[in-house]
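# give the three-dimensional model of this entry:
(chains A and B)
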Amino acid sequence: MTNPFPLEEVRCILPVLLLFAAATAVLIADLFLRGWNEPASGPPKRLLPMLSILGAGAAGFFLWRDWGSAPAVVFHGALRADAFAHAMTAIILLGTLLTLVTTAAYLRRHGTEHGEFYALILYAAGGMALFAAANNLIVLFVSLETFSLAVYILAGYFRDEKRAVEGALKYFIMGGLASGFLLLGLAFLFGASGTIRLDDLGRSPIDQPLFLAGLGLSMTGFGFKVGVFPFHSWIPDAYEGAPTLVTGFMSVTVKTAGFAALVRFVLELSRQAEAGPALAQVLAWLSAGTMIFGNAVALVQGSVKRMLAYSAISHTGYLLIGLVAAIAPERGGSSAPVVFYLLSYTLMTFGAFAVLGSIGQDGPENETFEAFHGLSQRRPLLAFAMLVFMISLAGIPPTAGFWGKLYLFREAVYAGYWPLALVGILTSIVSVYYYLRLVVVMYMQPAGEGASAAPAPGWGAALATAAAAAAVIAIGFFPQTLLDQSVASIQAAFGAR
Amino acid sequence: MSALTAIFSMSGALLAAALAQAGSGAGAASSAAAAAEVVPAAGIGLVHYLVVSAMVFTLGIAIIIIRRNAIAVLMGIELLLNSAGLNFVAFSRYVAKDGIDGQVVTIFIIVLAAAEAALALAIILNIYNNLNTVDVDEADALKG
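Residues are numbered from 1 along each chain as shown, chains lettered A, B, ... in the order given. Got it, this is the predicted structure:
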């Protein structure tokens, strides 16, 4: 009889276990500290963010130790610990660490620092890391719900604010709908093939109509989660309602985790001869629609937070290009640019939200373009960091965002989807308008009535913002190492694609 | 509103018909002996489960779209999850006969549906505390 719980395989999920353990430790520590933590910013309370940063850091250490190890299918096929899962977990951990470092001062400023905030961030990160490695339908669904439920709570974390609870409700309803579609799709895929393992789904004999129905339904579910154009409706509301730094966390890590599972799902299932070309065609249209819609609507936003939400939608469109290229029927490109792009997206988008969260208290009045008027005089460094993030989001060299877009478009052309690259380039040019509009008001407009107070950012926020900005520029000058890493991760995990 | 209901029952019927076809395709794909079991003598087979599940799913979607009460919407979401669970059990019985994978999935679905319901009720309670109503149309401050 085989060992039902092989202990040596635990090594492969050590980062996930550490994240969950740290989350639980934070919850328990919070219970003990609750009695004597007045005033709220006293030393005992500082323990909680430090404990969570320590947990995420330890997870990162064990991830680094396993970096480049051979792919391993563990726990009777439930998980696949390969280079791609490692790369995705690393990006998720980066987003988590940036969030944890930034939020302590932010929460204290809003008088809402509770231990469960850090615990929820860590539980969400653990669920996402598991999602990136999921190799059967049970793990896929359970980890999806693990991080989704945590993020629903985080979105409504400011529970006395009308727009926060409204955003959380809308996020929950659309997220529940997405789970329903995804789950029914997975049921059909199971019925069509008789297996719940993802790597077997692409190889076993299938019942074609049922398989295609399942594929369509599950892609709809994934589309909701990552914010593809016709399924995007929850994104602007949930992003605007949530606390600004939670929005940053959501927009980078949820998207990274969603794309991690989506890439694995699509690459495995498109091995079925009938599924690949149809899927490429549908994804190409969705990608073009998402790029056009996201950028067009972002143009007319009066709120910086909503503008960033629509920009997040448009970046989903760019990321889909990499998927299309990877499964293009004739000359398959590679989905490696997706990994590279997700890393640069994490740095620049979280950075932008961190600056937005630093210029004043949460509220509609501090999210307008007027609030940024003359920021370069009041907080020159903060304004400069925002400038870096904006030109990177717009895809202007020498930044990480430029190379990310370049690699994606190059892969599209290589795979024979040049119209998609063309749409990408044109919409990027459109996006320059709304990104640089923010830069113009920061540097060329005097501070007016609506200008934000721009208090001194805490050391955590300053550190995270500076690190993100420095990394965006550094990747802009030396992109090759990271691109090689992303290519290697995709090749080690999925073969040539 | 009645027009919406009509559209939904129609699309539900279409989905059920498509599934019936797909289900018989699945039966044909298996061996002859297995095909005999897909529609046993008693007359209840895989297709029947699929049709019921499709109806439940359609009702769930209809409830989410038509009902304005947040708790009713939550019930609609639960219906979606349960219809998928029903499918998993049926497929586990009729297609993947060697294992109990599908049934295990269903147990996980039940657990997660409970977790989701607990969370949703907490969010709805917050909505009630802030807006004094659980009507989802009243939560309309965010737009643009």
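
# confidence score at the residue in the stretch 51-200 of chain A that chain B sits nearest to?
Relative to chain B, the nearest point of the stretch 51-200 of chain A is residue A:180 (2.8 Å; C-beta to the nearest C-beta). C-beta here means a position set from N, CA and C on the backbone, and glycine is covered the same way. As predicted, residue A:180 sits at a pLDDT of 93.

# in which helix or strand does it reside?
Secondary-structure element containing residue A:180, defined by DSSP states H and E: helix A:162-193.

# once you drop chain neighbours, what's closest to residue A:297?
With C-beta to C-beta, 6 or more residues apart in numbering or on different chains as the measure, residue A:310 is the residue that lies nearest to residue A:297, at 4.9 Å, once sequence neighbours are left out.

# again with residue B:119
In this structure, residue B:119 finds its nearest non-sequential neighbour in residue A:149, 5.4 Å apart by C-beta to C-beta, 6+ apart.

# residue A:18 too?
Take residue A:18 and drop its neighbours on the chain: the residue closest to it by C-beta to C-beta, 6+ apart is residue A:59, 4.3 Å away.

# and that neighbour, what does it touch?
Taking C-beta atoms under 8 Å, 6 or more residues apart in numbering or on different chains as the contact definition, residue A:59 lies against A:14, A:15, A:16, A:18, A:19, A:22, A:93, A:125, A:129.

# which pLDDT value goes with the residue of the stretch 351-497 of chain A found nearest chain B?
When you check the stretch 351-497 of chain A against chain B by C-beta to the nearest C-beta, the closest residue turns out to be residue A:364, at 9.5 Å. Looking at residue A:364, its pLDDT is 77.

# and for the closest residue to it other than its chain neighbours, the neighbour number?
Leaving aside its sequence neighbours, residue A:364 sits nearest to residue A:303 (C-beta to C-beta, 6+ apart; 6.8 Å). Around residue A:303 sit 17 other residues, with neighbours defined as other C-beta atoms under 10 Å in any protein chain shown.

# mind jotting down where the strands sit in the stretch 351-497 of chain A?
Applying DSSP state E, counting those that start in this stretch to the stretch 351-497 of chain A gives no strands.

# hang on, the earlier thing: quick one: contacts for the residue of the stretch 51-200 of chain A closest to chain B?
Under the criterion of C-beta under 8 Å, 6+ apart, the contact list for residue A:180 reads A:221, B:57, B:60, B:77, B:80, B:81, B:83, B:84.

# just the element for the closest residue to residue A:176 other than its chain neighbours, please.
If the residues on either side of it in the chain are set aside, residue A:176 comes closest to residue B:77, at 3.7 Å by C-beta to C-beta, 6+ apart. With elements taken from DSSP H and E, the one containing residue B:77 is helix B:70-94.

# list the buried residues in the helix or strand that comes right after that helix.
Counting by DSSP H and E, the element after helix B:70-94 in chain order, helix or strand, is helix B:101-131. Across helix B:101-131, burial judged by 16 or more other C-beta atoms under 10 Å in any protein chain shown covers B:101-102, B:105-106, B:108-109, B:112-113, B:116-117, B:119-120, B:122-124, B:126-127, B:130-131.

# with that, I have no additional questions.
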